[in-house]
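**Student:** Using only what follows, build the 3D model:
(one chain, ligands or ions: 2)
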Amino acid sequence: MGRTIAIANQKGGVGKTTSSVNLSACLAYLGKKVLLIDIDPQGNATSGVGVNKGDVDKCIYEVLIDDVDVKDTIMETKVENLYVVPATISLAGAEIELVSTISREARLKNALAEVKEMYDYIIIDCPPSLGLLTLNSLTASDAIIIPVQCEYYALEGLSQLLSTIRLVQKHLNHDLMIDGVLLTMLDARTNLGVQVIEEVKKYFQDKVYKTIIPRNVRLSEAPSHGEPIIIYDPKSRGAEVYLELAKEVIHNG
Ligand code: ADP
Ligand code: MG
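**Tutor:** Ligands and ions are numbered 1, 2, ... in the order given. Okay, the predicted model is just below:
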């Protein structure tokens, strides 16, 4: 049974792409068959797993807009067991083009129906907005992971995200659940980080993952080499924590 998980937060720079790439790669490292879907026009998850955007023929844009079979867009990555549906800048137009299409919020869900059972996990890297691309991702998913950066105003914007999740649950996808809130980029040297952890735990309680992602320079270097951390530096703290997270996600179901 494949499980589809969207990694979403409309704030940029909170660790969505870093977490999508590295959670996917660690799940694959643990023997799961994983499909990473890049639905952000920036295409950073695509390059993050070693796919050169110049080599992309058809991407998620054609799946959403032109009814191209998702199977015809799946590419191999540098990680065994990990596959990717890439995104290129063409996707930037999709947000507007989707508005006038039929069943515009369910296009990704429908497209994934035939590959869902071929993978243990499908992980979707969402763009930094609550537009139709994110709505498609939430409609297609069994669960959402919400990365929250350990900084001032960490909770800002989350009420808007939560009300979007409730609307999706009510109208588009009754089964959507929050798998967990992921605290990212913790700087252990500051008291601020500890305060944010407490604040987020008070708000989300047992929905917060035990694994907290620290700031780790190797995690920020890996994308420029087109390698997930488990390949770029498997002994780093970054690799350790994303492996821990992958185990928690597997444990959750
Ligand atoms: P988003 O996808 O939410 O916009 P990214 O995953 O692209 O966020 O992260 C934003 C920036 O922070 C990137 O430059 C990324 O390399 C860096 N980054 C993310 N997580 C970490 C981390 N744990 N330690 C150090 N740098 C990180
Ligand atoms: Mg991103």
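
**Student:** can you give me the helices for the stretch 51-200 of the chain?
**Tutor:** 60-65, 94-97, 107-112, 132-140, 158-171, 191-204 (DSSP state H, counting those that start in this stretch).

**Student:** Most tightly packed of those helices?
**Tutor:** Most buried of the helices of the stretch 51-200 of the chain by mean neighbour count (mean count of other CB atoms under 10 Å) is helix 132-140; its value is a mean of 25. Glycine gets a C-beta too; all of them are placed from N, C-alpha and C.

**Student:** contacts for it?
**Tutor:** Outside helix 132-140, the residues within contact range by CB atoms under 8 Å, 6 or more residues apart in numbering are 4, 6, 8, 10, 37, 39-40, 64, 91, 94-95, 98-99, 104-109, 112, 124, 126-127, 144, 164-165, 168, 172-173, 176.

**Student:** List phi and psi for Thr190.
**Tutor:** phi -110, psi 150 (degrees, to the nearest 10).

**Student:** And it, what's its pLDDT?
**Tutor:** With respect to pLDDT, Thr190 scores 84.

**Student:** what's the answer for the one 5 residues further on, then?
**Tutor:** At Gln195 the predicted local confidence, pLDDT, stands at 89.

**Student:** ok, it to Gly13 distance?
**Tutor:** Using CB to CB, to the nearest Å, Gln195 is found at 20 Å from Gly13.

**Student:** for Asp57, same thing?
**Tutor:** From Asp57 over to Gly13 (counting by CB to CB), the distance is 30 Å.

**Student:** Compare the two (neighbour count), which wins?
**Tutor:** The residue with more neighbours, out of Asp57 and Gly13, is Gly13; 14 against 11, by other CB atoms under 10 Å.

**Student:** residue contacts, the more buried one?
**Tutor:** Gly13 neighbours (CB under 8 Å, 6+ apart): Pro128, Gln149.

**Student:** State the distance from it to Thr46.
**Tutor:** Distance of Gly13 to Thr46, given as CB to CB: 18 Å.

**Student:** elements contacting the helix or strand of the chain with the lowest mean pLDDT?
**Tutor:** Here the helix or strand of the chain ranked lowest by mean pLDDT, DSSP states H and E is helix 191-204, holding a mean of 90. Applying 3 or more CB pairs under 8 Å, 6 or more residues apart in numbering; DSSP states H and E, one finds that helix 191-204 contacts strand 177-184.

**Student:** Show me what counts as buried in the strand it packs on.
**Tutor:** Asp179, Gly180, Val181, Leu182, Leu183, Thr184 (16 or more other CB atoms under 10 Å).

**Student:** Grab the nearest non-local neighbour of the residue of the stretch 1-150 of the chain found nearest ligand 2.
**Tutor:** As assessed by CB to the ion, ligand 2 sits closest to Thr17 within the stretch 1-150 of the chain, at 3.3 Å. Computed as CB to CB, 6 or more residues apart in numbering, the closest residue to Thr17 that is not its neighbour in sequence is Asn44, at 4.6 Å.

**Student:** tally of neighbours for that neighbour?
**Tutor:** The burial count for Asn44: 17, using other CB under 10 Å.

**Student:** isn't it right next to Pro223, touching?
**Tutor:** Yes. Counting by CB atoms under 8 Å, Asn44 touches Pro223, with 6.7 Å between them.

**Student:** Could you tell me which residues touch both of the two?
**Tutor:** In contact with both Asn44 and Pro223: Thr17, using CB under 8 Å, 6+ apart.
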